[in-house]
Structures are given as structure tokens and as C-alpha cells.
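Need a 3D model of the sequence below.
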Amino acid sequence: MEYMNVLLSIKPKYVNEMITGNKKYEFRKHIFKNREIGKVYIYSSSPVRRIIGLFTLGEIIEDNPLNLWENYKAYSGMRKDEFFNYFNGKEKGFAIEIRDLHLFDVQIEPEMLFSDFVPPQSFCYCNNI
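Next up is the predicted model:
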């Protein structure tokens, strides 16, 4: 079986919550169609704009936002208002478990890997990192 790698675009404040261990789940409105994921690379969005590390994909939980909040708020790295503003009007969402977070010693400029790099709105598949 061949695994795909994914590049997730994450705001720097939430990347910091991952680093401190406060954020053990990444929340998404949409999820990968291909669930055979190898590595999840972290693109820290503006103003950082670098690939700063990676993690192993753990469990993917699909549920309504209220249940996601109730079950994972302690590991969300988010305030309640941020969480519900993000999921506003959505009937379902996803919690991606972050396992084995690894930060790179040298952060990667994505343009060094992708000549036509455009930061993904949510995620993109990438097997050339």
C-alpha cells in the first residue's frame, strides 16, 4: 500500500499550541478523501510561511462540532469562541489526532520544494518533501 503525504496549513498561534502540548487535535471542516496518509507536514501560515515540522496522523474523528468540542476541548489549543466561529453553520467536523510531533532544526521555505507554491487553504497532498 502506498501512502500519501499531506501538507496542512495551520496558523502560527495554533502551531505554538501544538509545540507546547496544549493542542493534540487539529480541527477541520473537510478531510482528506485519501485516508492512507503517511506523514502530515505542517505549513505555518503568514507571517511565518515555512514548513516547520511534521507529525504522524493518529485517529480521525468525525462528529458534530458540539460533540467534538465536548470531547476534545482540553486538547484543542483553542478558545470556545474560536472553535465555534470556525465551525459556524457546519453540521459535522473532524478532529485529527496529532502523534509524534517533530520540529525541523531548519524550517523549509516551500518555494524551495515547489516552484509554483501557493499556500493551501486547508491541505494539499504532497509526496515530494
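
Just give the closest residue to residue 51, not the sequence neighbours.
Distances taken as C-beta to C-beta, 6 or more residues apart in numbering place residue 108 nearest to residue 51, at 4.1 Å, with adjacent residues excluded. Every C-beta, even on glycine, is put in place using the N, C-alpha and C of the backbone.

Could you give the average pLDDT over the lengthiest strand in the chain?
Secondary structure assigned by DSSP state E gives strand 93-108 as the longest strand of the chain. Throughout strand 93-108, pLDDT has a mean value of 97.

other SSEs contacting it?
Helices and strands touching strand 93-108, as assessed by 3 or more C-beta pairs under 8 Å, 6 or more residues apart in numbering; DSSP states H and E, comprise helix 12-20, strand 25-28, strand 37-44, strand 50-63, helix 65-72.

Just send the ones you listed back as a markdown table, with mean neighbour count too.
Converted to a markdown table, these look like this (neighbours: other C-beta atoms under 10 Å):
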| stretch | mean neighbour count |
| --- | --- |
| helix 12-20 | 17 |
| strand 25-28 | 22 |
| strand 37-44 | 20 |
| strand 50-63 | 17 |
| helix 65-72 | 16 |
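
how about low-confidence regions in this structure?
1, 128 (pLDDT under 70).

Mind doing that once more with 80?
For the chain, the stretches with pLDDT under 80 are 1-2, 35, 127-129.

related to what we said a few turns ago, got a markdown table for the helices and strands packed on strand 93-108, with distance to residue 86 too?
Converted to a markdown table, these look like this (distance: least, C-beta to C-beta, whole Å):
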| stretch | distance to residue 86 |
| --- | --- |
| helix 12-20 | 11 |
| strand 25-28 | 7 |
| strand 37-44 | 18 |
| strand 50-63 | 15 |
| helix 65-72 | 8 |
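
Settle this for me: residue 19 is touching residue 101, isn't it.
Yes. In this structure residue 19 lies within contact range of residue 101 using C-beta atoms under 8 Å: 7.4 Å.

Put the alpha carbons of stretch 66-85 into CSV.
These are the backbone C-alpha positions of stretch 66-85, laid out as CSV (Å, rounded to 0.1, in the frame of the first residue of the first chain):
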residue,chain,number,x,y,z
LEU,A,66,-20.7,20.3,19.7
ASN,A,67,-19.5,16.7,20.4
LEU,A,68,-16.0,17.4,19.1
TRP,A,69,-15.8,20.4,21.5
GLU,A,70,-17.1,18.5,24.5
ASN,A,71,-14.8,15.5,23.9
TYR,A,72,-11.6,17.3,22.8
LYS,A,73,-11.7,20.8,24.2
ALA,A,74,-8.9,20.1,26.7
TYR,A,75,-6.6,19.2,23.8
SER,A,76,-7.9,21.8,21.3
GLY,A,77,-5.5,24.6,21.9
MET,A,78,-8.4,26.9,21.1
ARG,A,79,-10.9,29.1,23.0
LYS,A,80,-14.5,28.0,22.8
ASP,A,81,-15.5,31.1,20.7
GLU,A,82,-12.7,30.4,18.2
PHE,A,83,-13.8,26.8,17.8
PHE,A,84,-17.4,27.6,17.2
ASN,A,85,-16.7,30.5,14.9
